[in-house]
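Trainee: attaching a predicted model along with its sequence, questions to come.
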Amino acid sequence: GSADAEYDVVVLGGGPGGYSAAFAVADEGLKVAIVEQYSTLGGVCLNVGCIPSKALLHNAAVIDEVKHLAANGIKYTAPEIDIDMLRGYKEKVIGKLTGGLAGMAKARKVDLIKGFGKFVGANHIEVALTESTQYEQATETGSKKTVAFKNCIIAVGSRVVNLPFIPKDPRIVDSTGALELRQIPEKMLIIGGGIIGLEMGTVYSTLGARLDVVEMMDGLMQGADRDLVKVWEKMNAHRFDNIMTKTKTVAVEAKEDGIYVTFEGEKAPAEPQRYDLVLVAAGRVPNGKLCDAEKAGVAVTELGFIEVDKQQRTNVPHIYAIGDVVGQPMLAHKAVHEGHVAAENCAGHKAFFDARVIPGVAYTDPEVAWVGVTEEIAKRDGIKITKSVFPWAASGRAIANGRDEGFTKLIFDAETGHIIGGGIVGTHAGDMIGEICLAIEMGCDAEDIGKTIHPHPTLGESIGMAAEVANGTCTDLP
Ligand code: FAD
């Protein structure tokens, strides 16, 4: 068919997966366009996800850290919070990063086509052009543009799950609404005890809200080992009135004096509970069904995922898919890695997704980070492991920081001795887990890690110490 423009590669979606792929494709000398419906690049992660949540969490962590100093004789009065300025800070952070991306796109001569793209054939996407001044808000202009491609990378990401029984009300928000920080409620309910809900809960609680959380599974922060989560729970108990695990939300009613929520299950209170703010963080669904991928012959699952092979190819060989739309874990660093694999294949190299592990981090206080085989997975899959733990109560740096509640755990294959997993709970755990990822990728054993000289005194040293525990050579334990 006819097209307004032709490209070697069209990338559908400008999130971390999409822009990383497009930049890599451009660096290979190919002609590339990104189709994105909103005004900025960066997708969920930069605009309404990873980055704004961390901008707020940083401020919350400093407020909380200062409270710990009271025990050392340094007392602060309660902080005065100008919520408009705090929101402004968060906006500025987003602006810096999305602005940076726009500059990088321009420098690489990547065309940005602002609009909602749908496949109209195996080599064509029709874009309904949009006006957008804010992320997650766009109106179609009525104009259309058809682009032709040799290869396409689908990077359409995911969106919030909407629970059908929840009414529309400004006091009921999703993660985007929570990040807007319009109000600090007295009493807040978090529906869904996963990372996103607990991170936002941390922010609101530090700013003054009392929290309830409801979670269908038998524990918060699913995926992480329970020993790690226990430390987080102990340190965060003060934020919560009620932690309702193995419990479901069954009815939500918006009344003048608050949002009334009815629960069912093990920890359900008999009466409906009243809240000033309800955050729905019950998961995310892939956007695979919204772009007519079927018209290009691309198979989309019932749930909206697009299945790919190790080269990120869909069932249609010249169409790739990456990021949240191809499956769990829905994380930005996974999307970027997959984007690079797809880009290399578009450029005619033979690249495969062969990462051994993908780390997960809850940027709470303390942070919880884990990677690879957890004790839970080992038990479920019958993998024989040995583990070694270094408690931060024996870490000079953690003690000096007044934050020695954490620990570092390494998990080894019992037969080969190679490290296959690890977990850290404690301040800055997320910044440290990368070393364990590298050790796993390199096939290290406890000796490799333990004999690596780590700087003293650091929290990162606890990884070396945990390996020395495994080696039986840890001299620093009391
Ligand atoms: P997305 O970021 O979803 O981007 C897809 C883009 O495609 C969107 O901009 C969308 O507008 C556009 N699009 C979709 N369909 C079309 C179409 N048909 N036409 C045109 N444009 C289209 N991950 C982490 O790793 N670390 C974190 O700390 C973290 N924190 C998070 C906090 C929150 C509150 C949330 C919600 C998520 C968080 N995530 C985090 C997850 C992370 O944001 C996602 O994994 C990541 O953004 C996925 O990238 P992606 O490129 O697959 O898709």
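Mentor: Okay, I see it.
Trainee: and stretch 208-222, how far from the chain's centre?
Mentor: 17 Å (Cα atoms, centre = their mean, to the nearest Å).
Trainee: now do stretch 383-395
Mentor: For stretch 383-395, the gap between its own C-alpha mean and the chain's C-alpha mean amounts to 26 Å (Cα atoms, centre = their mean).
Trainee: and for stretch 280-296?
Mentor: Stretch 280-296 has its average C-alpha position 17 Å from the chain's average C-alpha position, going by Cα atoms, centre = their mean.
Trainee: what residues sit buried inside it?
Mentor: Residues 280-282, 284-289, 291-293, 296 are the ones in stretch 280-296 that count as buried (16 or more other Cβ atoms under 10 Å). Just so you know, the C-beta spots here come from the backbone N, C-alpha and C atoms, and that holds for glycine as well.
Trainee: same deal with stretch 468-478?
Mentor: Residues of stretch 468-478 classed as buried by neighbour count (16+ other Cβ under 10 Å): 468-470, 474.
Trainee: what about the ligand: which of those touch it?
Mentor: When the buried residues of stretch 468-478 are filtered against the ligand using Cβ under 6 Å from any ligand atom, no residues are retained.
Trainee: around the ligand, which positions in the stretch 151-300 of the chain sit nearby?
Mentor: With Cβ under 6 Å from any ligand atom as the criterion, the stretch 151-300 of the chain comes near the ligand at residues 155-158, 175, 196, 287, 290-291.
Trainee: could I get those as TSV with secondary structure, distance to residue 449 and pLDDT?
Mentor: Shown next, in TSV, are those (DSSP: H, G, I helix; E, B strand; the rest coil; distance: Cβ to Cβ, whole Å; pLDDT from 0 to 100):
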residue	secondary structure	distance to residue 449	pLDDT
155	coil	35	99
156	coil	39	98
157	coil	36	98
158	strand	35	98
175	helix	36	98
196	helix	32	98
287	coil	40	98
290	helix	45	98
291	coil	44	98
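Trainee: which two of these have the greatest separation?
Mentor: Spatial extent of these (Cβ to Cβ) is set by the pair 196 and 291 at 24.1 Å.
Trainee: nearest to the ligand, of the residues of the stretch 151-300 of the chain next to the ligand?
Mentor: Nearest to the ligand out of those is residue 157 (Cβ to the nearest ligand atom; 2.0 Å).
Trainee: could you report the neighbour count for that closest one?
Mentor: Other residues near residue 157 number 26, with proximity taken as other Cβ atoms under 10 Å.
Trainee: swap in residue 96?
Mentor: The tally of other residues near residue 96 (other Cβ under 10 Å) stands at 11.
Trainee: specify the local secondary structure of it.
Mentor: Classification of residue 96 into helix, strand or coil gives helix, according to DSSP: H, G, I helix; E, B strand; the rest coil.
Trainee: what's residue 239 sitting at in phi/psi?
Mentor: The phi and psi values for residue 239, taken as degrees, to the nearest 10, are phi -80, psi -20.
Trainee: show me the contacts for it.
Mentor: Residue 239 makes contact with 201-202, 205, 210-211 under the criterion Cβ atoms under 8 Å, 6 or more residues apart in numbering.
Trainee: how close does it get to the ligand?
Mentor: Distance from residue 239 to the ligand, counting by Cβ to the nearest ligand atom, to the nearest Å: 18 Å.
Trainee: doesn't residue 230 fall inside a strand?
Mentor: No - residue state for residue 230 (three-state DSSP) corresponds to helix; a strand is not indicated.
Trainee: can you redo the residues of the stretch 151-300 of the chain next to the ligand as TSV with distance to residue 46?
Mentor: Compiled in TSV, those are given as follows (distance: Cβ to Cβ, whole Å):
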residue	distance to residue 46
155	14
156	16
157	12
158	15
175	14
196	15
287	17
290	21
291	21
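Trainee: returning to that earlier point: which of the buried residues of stretch 280-296 lies closest to residue 228?
Mentor: Here the nearest of these to residue 228, counting by Cβ to Cβ, is residue 281; it sits at 20.0 Å.
Trainee: that closest one - nearest residue in space that isn't next to it in sequence?
Mentor: Distances taken as Cβ to Cβ, 6 or more residues apart in numbering put residue 197 closest to residue 281, at 3.4 Å, once the chain neighbours are dropped.
Trainee: and stretch 69-84, end to end?
Mentor: Stretch 69-84 has an end-to-end distance of 27 Å (Cα to Cα, to the nearest Å).
Trainee: max-length strand in this structure?
Mentor: The longest strand of the chain (DSSP state E) is strand 137-154.
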